[in-house]
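Enquirer: Give me the fold of what follows.
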Amino acid sequence: MKSIKDKIIWITGASSGIGEELSYQLNEQGCKLIISARREKELNRVKNNCTAPKNVSVLPLDLGNFEQLENMPEKAVSFYGKIDILINNGGISQRSLITDTKFEVYQQMMNINYLGTIKLTMQTLPYFTRQKSGHFVTVTSLMGKFSSPYRSGYCGAKHALHGFFDSLRMEHEKDGIDVTLICPGFIQTNIAKNALTGDGSLQKKEDDATKNGITAHQCAKEIIRAVEKKKFEAYIGGKEKYGVYLKRFFPNLLHKTVLKSSVR
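Expert: Numbers count the residues shown, from 1 in each chain. Next comes the predicted model:
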């Protein structure tokens, strides 16, 4: 296992939650960071809260703005001359039944959670290929391995990420490029409050499963450990992470277990 110390790491979705906590822990470990999200003010707050803010560069971006993403890797590389790791962490969630969800909400979920991440990855890939090294770390979800009610759009986008990045790993292993898929379960962040409802408005309220999940601090620690080990996939959370194995070996039991749960 190689230490992540001194790596140059680009993190999307760094203004809150898992991305914010990753920024703090990686900065403490001596990494140089490029932190991205839509809200520049929040990015500057995260930078100023880091142990060594001089090693943090702010690069605002919107994953839903595909045209803007085209020159983002060039800007990211300009800060320190290279990128060792891109952590694709930006995204949004959803809480609504399929029959109550507008098609436009599904479009937004795919544009931000899937297509925006793919666009940024494709623009970064030539840099990694030329330097014969690089590591794509993509934060998907346990919902990218199995599904639950009220999250159809979110699950669909997260499942799609697995399909794309598994292919990328196979195609570019020869170029020294690694791919790690991070699958968190319930983490104490604002993901539920910021989830889209069926009409596209924010849910604006917490749910018990998220509130009782593991801390973002613990999640970030486990992500860093998985990156250092260059794992293909890492499942992070409480007992919900065992749903991955139920899905594989006992899919009918998983179906019944999820339906009986109070998760919404």
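
Enquirer: Every contact and neighbour count from this point should use C-alpha atoms.
Expert: Noted.

Enquirer: residue contacts, Gly153?
Expert: By CA atoms under 8 Å, 6 or more residues apart in numbering, the contact set of Gly153 is Gln94, Val105, Tyr106, Met109, Met110.

Enquirer: Asp207 versus the fourth one, what's the distance?
Expert: It stands for Met109. For Met109, the distance to Asp207 (CA to CA, to the nearest Å) stands at 20 Å.

Enquirer: out of these two, which sits in the more crowded spot?
Expert: Between Met109 and Asp207, Met109 has the larger neighbour count (other CA atoms under 10 Å), namely 25 against 15.

Enquirer: tell me the SS of the more buried one?
Expert: Secondary structure for Met109, judged by DSSP: H, G, I helix; E, B strand; the rest coil, is helix.

Enquirer: Quick check: it touching Cys155?
Expert: No: Met109 is not in contact with Cys155 according to CA atoms under 8 Å; the separation is 9.6 Å.

Enquirer: follow-up on the earlier one: dump the contacts of Gly153 into JSON lines; add distance to Glu171 and pLDDT as well.
Expert: Compiled in JSON lines, those are given as follows (distance: CA to CA, whole Å; pLDDT from 0 to 100):
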{"residue": "Gln94", "distance to Glu171": "32", "pLDDT": "94"}
{"residue": "Val105", "distance to Glu171": "32", "pLDDT": "97"}
{"residue": "Tyr106", "distance to Glu171": "29", "pLDDT": "97"}
{"residue": "Met109", "distance to Glu171": "26", "pLDDT": "96"}
{"residue": "Met110", "distance to Glu171": "23", "pLDDT": "97"}
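
Enquirer: Next one, pLDDT for Ala37 please.
Expert: For Ala37, the model assigns a pLDDT of 97.

Enquirer: looking at it, it is touching Leu69, isn't it?
Expert: No: with contact defined as CA under 8 Å, Ala37 does not count as touching Leu69 (11.8 Å).

Enquirer: For Gly64, give its distance to Glu28.
Expert: For Gly64, the distance to Glu28 equals 31 Å [CA to CA].

Enquirer: quick one, which of those two is more surrounded?
Expert: Each of Gly64 and Glu28 has its neighbours counted (other CA under 10 Å); Gly64 has more, 21 against 14.

Enquirer: and that one, what is it in contact with?
Expert: Contacts for Gly64 (CA under 8 Å, 6+ apart) come out as Gln108, Asn111, Ile112, Gly116.

Enquirer: How about the secondary structure of it?
Expert: For Gly64, the secondary structure call by three-state DSSP comes out as coil.

Enquirer: those strands in the stretch 151-264 of the chain, which residues are they?
Expert: 177-184, 187-188, 214-215, 233-236 (DSSP state E, counting those that start in this stretch).

Enquirer: Now do the third one: everything it contacts.
Expert: In other words, strand 214-215. Strand 214-215 is contacted by residues Phe186, Ile187, Gln188, Thr189, Gly237, Gly238 when judged by CA under 8 Å, 6+ apart.

Enquirer: Okay, Glu74 and Leu59: tell me how far apart.
Expert: For Glu74 relative to Leu59 (CA to CA), the value is 11 Å.

Enquirer: Comparing those two, which residue is more hemmed in?
Expert: Leu59 (21 against 15).

Enquirer: which helices and strands does the lowest-mean-pLDDT helix or strand in the chain pack with?
Expert: One helix or strand of the chain scores below all others by mean pLDDT, DSSP states H and E: helix 208-211, with a mean of 78. When contacts are defined as 3 or more CA pairs under 8 Å, 6 or more residues apart in numbering; DSSP states H and E, helix 208-211 sits against strand 187-188.

Enquirer: residues contacting the nearest residue to Val56 once chain neighbours are set aside?
Expert: Setting aside the residues directly before and after it, Val56 is nearest to Leu33 in space (CA to CA, 6 or more residues apart in numbering), at 4.7 Å. Residues counted as contacts of Leu33 (CA under 8 Å, 6+ apart) are Ile8, Ile9, Trp10, Ile11, Ser23, Leu26, Asn27, Asn55, Val56, Ser57.
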